[in-house]
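**Student:** I would like to see how this sequence folds:
(one chain, ligands or ions: 1)
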Amino acid sequence: MNKNVKKIAVLTSGGDAPGMNAAIRGVVRSCVFNEIECIGVFQGYDGLIQGDFKKLHVRSVSKILGRGGTILKSSRSDAFRTVEGRKKAFEALQSNNIDGLIVIGGNGTFTGAHVFFEEYGVPIIGVPGTIDNDLYGTDSTIGYDTATNSVVEAVDKIRDTANSHNRLFFVEVMGRDAGFIALRAGIATGAIAVMLPEQGQSIDALIKVLEKGAESKKTSSIVIVAEGDTNGGAYEIANKVKEKYSGYDTKVAVLGHIQRGGSPSAWDRVLASRLGVSAVEGLMMERADEMVGIINDKETFTALDQAISMKKMLNIEELRMSKILSI
Ligand code: F6P
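**Tutor:** Below is the predicted model:
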């Protein structure tokens, strides 16, 4: 371990995810344990540019383990995309004698972190925090489990009313470019079909599935649509289906940002705590420009540019089984 790391900063950036606070707590507690000063940066990269810093003590992170959102706040910073913005951010780190940076976020956050590292060589470790689970180099990202549970809770309620009226519901879930939430939620709620950006299932193929379901006396059905599906969102898909198939009274529900909020699940709290501690240890081991993840229950470091450029695949067993289970 490198004892030269005396002061590090931590920030959250991009879309918030349940468990980010647990990760911040992991970082702070690990810093205190290792006698490293920890600085919280507010409002993501915008706060880094503006020097919006505050020292975090062991008790600054008390009672946040079970809280959704992020106590450090977040942003999707346009300024950090500019050369001048990143220069200011570097100057703010330098003038505060900060030796390393931990960024908790998703794809956009790591893209910025990688560019920043290439320009200024600031040791940076990324912690995967996004409900989308679309980062290569970790089996699960912080917030994915909680968001999936929130979707399942909502779809179970939709199922009650769908059943009562013999209706077909199209439920749109988050996942800009990825169908992880949709696939898991589809299995967990017994959806008849899941529409995933990775699969590009056609409307005609979907209608065949619906017809088969009706023939085998399904009275109501749920189709989960990942927002990034190539056919469009849930409203568009529902309209396209209605043009060709009138077997059901059809309704649409878009779950939206409700999926990002709420208290993190036990799984996400543990995952985030482990990753927060490991991120600090990564900096102490002189790692940089890497993301810490957990693969097969083991902490693993992956280069940031790989984490963002490599495509994380859906679980093919889950895909295969979802088709068997939904007949
Ligand atoms: O953080 C990921 C995500 O929740 C995506 O699933 C979604 O497309 C996007 O963020 C929404 O971002 P915003 O809250 O900025 O509209």
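
**Student:** all helices for the chain, in order.
**Tutor:** In order along the chain, the chain carries the following helices (DSSP state H): 20-33, 44-50, 83-95, 107-120, 144-165, 180-189, 203-215, 234-244, 266-284, 304-309, 316-325.

**Student:** output the contacting helices and strands for the third one.
**Tutor:** I take that to be helix 83-95. Helices and strands touching helix 83-95, by 3 or more CB pairs under 8 Å, 6 or more residues apart in numbering; DSSP states H and E, are helix 44-50, helix 107-120. Quick note: C-beta positions are derived from backbone N, CA and C, even for glycine.

**Student:** so which of those helices gets nearest the ligand?
**Tutor:** helix 107-120 (8.6 Å; CB to the nearest ligand atom).

**Student:** and that closest one, how far out from the chain middle?
**Tutor:** Going by CA atoms, centre = their mean, to the nearest Å, the spacing between the C-alpha centre of helix 107-120 and its chain's C-alpha centre is 18 Å.

**Student:** so what touches it?
**Tutor:** With CB atoms under 8 Å, 6 or more residues apart in numbering as the test, helix 107-120 has contacts from 13-14, 44-45, 76-77, 80-81, 86, 89-90, 101, 103, 122-124, 126, 130, 134-135, 288-289, 291, 304-305, 307-308.

**Student:** select only the buried ones of these in PyMOL?
**Tutor:** Provided next is the PyMOL selection string for whichever of the contacts of helix 107-120 are buried by 16 or more other CB atoms under 10 Å:
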select buried, resi 13+14+44+45+76+77+80+86+89+90+101+103+122+123+124+126+130+134+135+288+289+291+304+305+307+308
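
**Student:** now what about stretch 29-39, what contacts it?
**Tutor:** Surrounding stretch 29-39, the residues in contact under the criterion CB under 8 Å, 6+ apart are 1, 5-10, 27-28, 53-58, 61, 96, 98, 276-277, 279-281, 284.

**Student:** report the contact partners of the closest residue to Ala214 other than its chain neighbours.
**Tutor:** Nearest residue to Ala214, sequence neighbours excluded (CB to CB, 6 or more residues apart in numbering): Gly247, at 4.9 Å. Taking CB under 8 Å, 6+ apart as the contact definition, Gly247 lies against 168, 210-211, 214.

**Student:** report pLDDT for Gly247.
**Tutor:** We note a pLDDT of 83 for Gly247 in this prediction.
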